[in-house]
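> Predicted model follows, preceded by the sequence.
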Amino acid sequence: MAPDEPALRCLAVAVRLDAKNEIDHLELTYLLDGLAGPRQWMTTLEWLFMEPPQSAAGEVTAPVALPEGIAVKAILDDLTNEPQRILFDHAMTSAEIRRWRWAAFQMDQNPEGRGRFPWERHHG
């Protein structure tokens, strides 16, 4: 990992499905904003870089990338949820962080050509 890269975690978060059996994006945003804070997380809503972890109950999960300190807070805060929604926690390798940066660039392209995570962007 480059010296200026923060340690990142990837959480598997159980999602709720809507009437069309699709991920309820609004509910997931509300949950993650409450656990991690607005613009402190990023999800692709598809497992692009690794196989989704399997849970005993077979929940549908979404991968969520966030800084390590925020991830710890989210995991601890999720302990009071019934049922808990964070099912898996993974420390990202430098290669995985580069892939997530690529995904961040696809979501928010800029002239510098560098992916910026939501928590790194400065929106006035």
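Looks like it came in fine. Every value quoted in this text rests on a predicted model; they were computed, and no experiment measured them.
> need the contact list for Leu32.
Leu32 sits next to Val13, Trp41, Thr43, Val64, Ala74 when contact means CB atoms under 8 Å, 6 or more residues apart in numbering. No exception for glycine: its C-beta is placed from N, CA and C like everyone else's.
> Thought Leu31 was touching the first one, still the case?
Yes: Val13 is within contact range of Leu31, at 7.4 Å (criterion: CB atoms under 8 Å).
> more crowded one of the two?
The neighbour comparison of Val13 against Leu31 (other CB atoms under 10 Å) goes to Val13, with 24 against 21.
> thinking again about what came up before, reformat the contacts of Leu32 as CSV; add distance to Gln106.
What follows is the contacts of Leu32, written out as CSV (distance: CB to CB, whole Å):
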residue, distance to Gln106
Val13, 21
Trp41, 17
Thr43, 13
Val64, 17
Ala74, 24
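> May I ask which two of those are separated the most?
The distance between the two most remote of the contacts of Leu32 (CB to CB) is 12.4 Å, for Thr43 and Ala74.
> okay, these two: which has more neighbours?
Ala74 (25 against 20).
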